[in-house]
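[1] sequence first, predicted coordinates after that:
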Number of protein chains: 2
Amino acid sequence: MGLEADRGLLSRTSTAERVAGVLRTRIAEGFFRPGVRLSEQDIGTALGVSRNTLREAFRLLTHERLLVHELNRGVFVRVPSVEDVRDIYRVRKLVECAAVREVTGKPAEFAKIASTVEDGDRAAKQSRWQELGTANIRFHAEIVALTGSARMVETMQALTAELRLVFHVMADPRRFHERYLPRNHEILDVLATGDGIRTAELLATYLDDAEAQLVEAYAERT
Amino acid sequence: MGLEADRGLLSRTSTAERVAGVLRTRIAEGFFRPGVRLSEQDIGTALGVSRNTLREAFRLLTHERLLVHELNRGVFVRVPSVEDVRDIYRVRKLVECAAVREVTGKPAEFAKIASTVEDGDRAAKQSRWQELGTANIRFHAEIVALTGSARMVETMQALTAELRLVFHVMADPRRFHERYLPRNHEILDVLATGDGIRTAELLATYLDDAEAQLVEAYAERT
DNA sequence: GCATATTTGTCCGTATGTATA
DNA sequence: CTATACATACGGACAAATATG
């Protein structure tokens, strides 16, 4: 449902890819929560696609680590483990810190990041916590974009989608995102001075703190 | 062909995954060269699997960038562009340099890397250039493993598979790999002293040189 | 432990759309 | 422009595995 609209002749993507897109957003926004099974039958009829097509979509999302495929049991929305959280932050720290360390002063890029930080401010002021979360995520995505590598950006996008699963396991976006707002400002300021080394240090402790907070919250939950 | 053997009841992976594995190695070893089209019909009958299953395998490999999927035209073995080569090396430089920079002295890891370098020496002495190439690739994989991140290792593995496509576009493994042997030794030596910064610098110029050589060879070929 | 119902895994036939000779 | 070949997508079928009572 909501697929037929895109069904026009101008659609250049395959149905499987479109189905994957729908499921991806459903998962990202927490409609399909971590751990639930995605029935081929149910979703197939709900979206009006055949089982074969749906399975192709499942494969795509499985490869993105959003679903897990248990043989002869079906696909489930992934439930990231604590070790997954640690691994995700290991990657983030390595990539994001390296990205800012060798930064070459590109004013246009900085302006874009600055506006993202401001978006976060505005969202926080209006108590729109969901929005604050996405602004925060975009902040980090733009840091990755400083590398100038399309592959790096894509890889980290997938990692972020995974991270969203972690957030959904424990919810409460305010508690998690609000405290990082002032630090976003600080990092951006130092970055703008061109001191990559110092920025990298700030980012490292930032990410260490975030990881510790998530790991702790995770331990409580289970 | 070669699939029936694994067809037993004890196989815990799906057929699609096994098919993907077969195709992956076929592509890696250059049996399917960059640019050729992979017919659903032909390969399906050759491997004795249905088109549905084969399409699932294609999706997997497309997501790994080994195949490109042109809508209603079929799948082709990817032909990486020069820009792809640049992007691949941007990622390698960022990740590998970061990996060695913060290295904590783990003797066991160093020993493993050392033996890989020696494997390369031996292969070169015996003029086994293909082997030299894989030893070289493993050398870098082990550097990435120093990060301790499963995701990072997996991501870089996929990147290496892509890089193999680049090699197949222009072949001649000797010319490309031989010259880096002494530098592998040098890097390993400095790494063992614990000087991560200096190792990172060496690796950076190493990778810059390799990239330049590939880009140049690419320009000639087309 | 067993029998049954459900769901997945795999394959096939076919209608439609798209690209190309 | 027509014809051919092929990919796309659907629906149905059956075996195999799993879950449920």
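    Perfect, I can see it now.

[2] residue contacts, the closest residue to A:Thr147 other than its chain neighbours?
    Nearest residue to A:Thr147 in three dimensions, chain neighbours excluded: A:Ala99, at 4.8 Å (CB to CB, 6 or more residues apart in numbering or on different chains). C-beta coordinates here come from the backbone N, C-alpha and C atoms, glycine included. A:Ala99 makes contact with A:Ile143, A:Val144, A:Leu146, A:Thr147, A:Met152, B:Leu94, according to CB atoms under 8 Å, 6 or more residues apart in numbering or on different chains.

[3] please parse chain A into its domains.
    Here the domain parsing of chain A from automatic domain parsing is A:4-77, A:82-221.

[4] in which helix or strand does the residue nearest to A:Thr147 reside?
    Here A:Ala99, judged by DSSP states H and E, is contained in helix A:82-101.

[5] output that helix as PDB, restricted to C-alpha atoms.
    C-alpha atoms of helix A:82-101 as PDB (Å, rounded to 0.1, in the frame of the first residue of the first chain):
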ATOM      1  CA  VAL A  82      25.900  -4.900  22.900                       C
ATOM      2  CA  GLU A  83      28.900  -6.100  21.000                       C
ATOM      3  CA  ASP A  84      27.300  -4.700  17.800                       C
ATOM      4  CA  VAL A  85      27.000  -1.300  19.500                       C
ATOM      5  CA  ARG A  86      30.700  -1.400  20.400                       C
ATOM      6  CA  ASP A  87      31.700  -2.400  16.900                       C
ATOM      7  CA  ILE A  88      29.500   0.400  15.400                       C
ATOM      8  CA  TYR A  89      31.200   3.000  17.600                       C
ATOM      9  CA  ARG A  90      34.600   1.600  16.800                       C
ATOM     10  CA  VAL A  91      33.900   2.200  13.100                       C
ATOM     11  CA  ARG A  92      32.400   5.600  13.700                       C
ATOM     12  CA  LYS A  93      35.300   6.800  15.800                       C
ATOM     13  CA  LEU A  94      37.900   5.600  13.300                       C
ATOM     14  CA  VAL A  95      36.100   7.100  10.300                       C
ATOM     15  CA  GLU A  96      34.800  10.300  11.700                       C
ATOM     16  CA  CYS A  97      38.000  11.200  13.500                       C
ATOM     17  CA  ALA A  98      40.100  10.500  10.400                       C
ATOM     18  CA  ALA A  99      37.600  12.600   8.400                       C
ATOM     19  CA  VAL A 100      38.100  15.700  10.500                       C
ATOM     20  CA  ARG A 101      41.800  15.200  11.100                       C
END
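
[6] give me the mean pLDDT for it.
    Mean pLDDT, computed over helix A:82-101, is 97.

[7] and that helix, what's buried?
    In terms of neighbour count (16 or more other CB atoms under 10 Å in any protein chain shown), helix A:82-101 has its buried residues at A:84-101.

[8] returning to what we had before: just so I know, which of the domains of chain A lies nearest B:Ile113?
    domain A:82-221 (18.6 Å; CB to CB).

[9] nearest spatial neighbour of the residue nearest the centre of chain A, skipping sequence neighbours?
    In chain A, the residue lying closest to the centroid (CA atoms, centre = their mean) is A:Thr160, at 2.4 Å. Leaving aside its sequence neighbours, A:Thr160 sits nearest to A:Ile137 (CB to CB, 6+ apart; 5.6 Å).

[10] how many neighbours does the one you found have?
    A:Ile137: 19 surrounding residues under other CB atoms under 10 Å in any protein chain shown.

[11] pretty sure it sits against A:Leu159.
    No: with contact defined as CB atoms under 8 Å, A:Ile137 does not count as touching A:Leu159 (10.6 Å).

[12] before we move on, back to that, packing partners for the helix or strand immediately after the helix holding A:Ala99 in the chain?
    Remark: after helix A:82-101, the chain's next helix or strand is helix A:107-125, criterion DSSP H and E. Applying 3 or more CB pairs under 8 Å, 6 or more residues apart in numbering or on different chains; DSSP states H and E, we find helix A:107-125 packed against helix A:129-145, helix A:181-193.

[13] show me what the last one is packed up against.
    In other words, helix A:181-193. Short answer (3+ CB pairs under 8 Å, 6+ apart): helix A:181-193 packs on helix A:107-125, helix A:129-145, helix A:196-221.

[14] try it again with 6 Å
    Applying 3 or more CB pairs under 6 Å, 6 or more residues apart in numbering or on different chains; DSSP states H and E, one finds that helix A:181-193 contacts helix A:107-125, helix A:196-221.

[15] how about those helices, which one is nearest A:Glu40?
    Among the helices and strands packed on helix A:181-193, the nearest to A:Glu40 by CB to CB is helix A:196-221 (29.6 Å).

[16] report the angle between the closest one and helix A:181-193.
    160 degrees (axes from the mean of the first three to the mean of the last three CA atoms, to 10 degrees).

[17] about what we covered before: CSV for the helices and strands packed on helix A:181-193, including mean pLDDT and distance to B:Ala46?
    Formatted as CSV, the helices and strands packed on helix A:181-193 follow (pLDDT from 0 to 100; distance: least, CB to CB, whole Å):
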stretch, mean pLDDT, distance to B:Ala46
helix A:107-125, 91, 49
helix A:196-221, 92, 47
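
[18] and those helices: which comes nearest B:Val215?
    Short answer: helix A:107-125, nearest of these by CB to CB, at 25.0 Å.

[19] tell me the angle of the closest one relative to helix A:129-145?
    Using the same axes, to 10 degrees: helix A:107-125 against helix A:129-145 is 160 degrees.

[20] so which residues on chain A come close to DNA strand C?
    With CB under 7 Å from any atom of the strand as the criterion, chain A meets DNA strand C at residues A:9, A:37, A:39-41, A:51-52, A:55, A:69, A:71-74.
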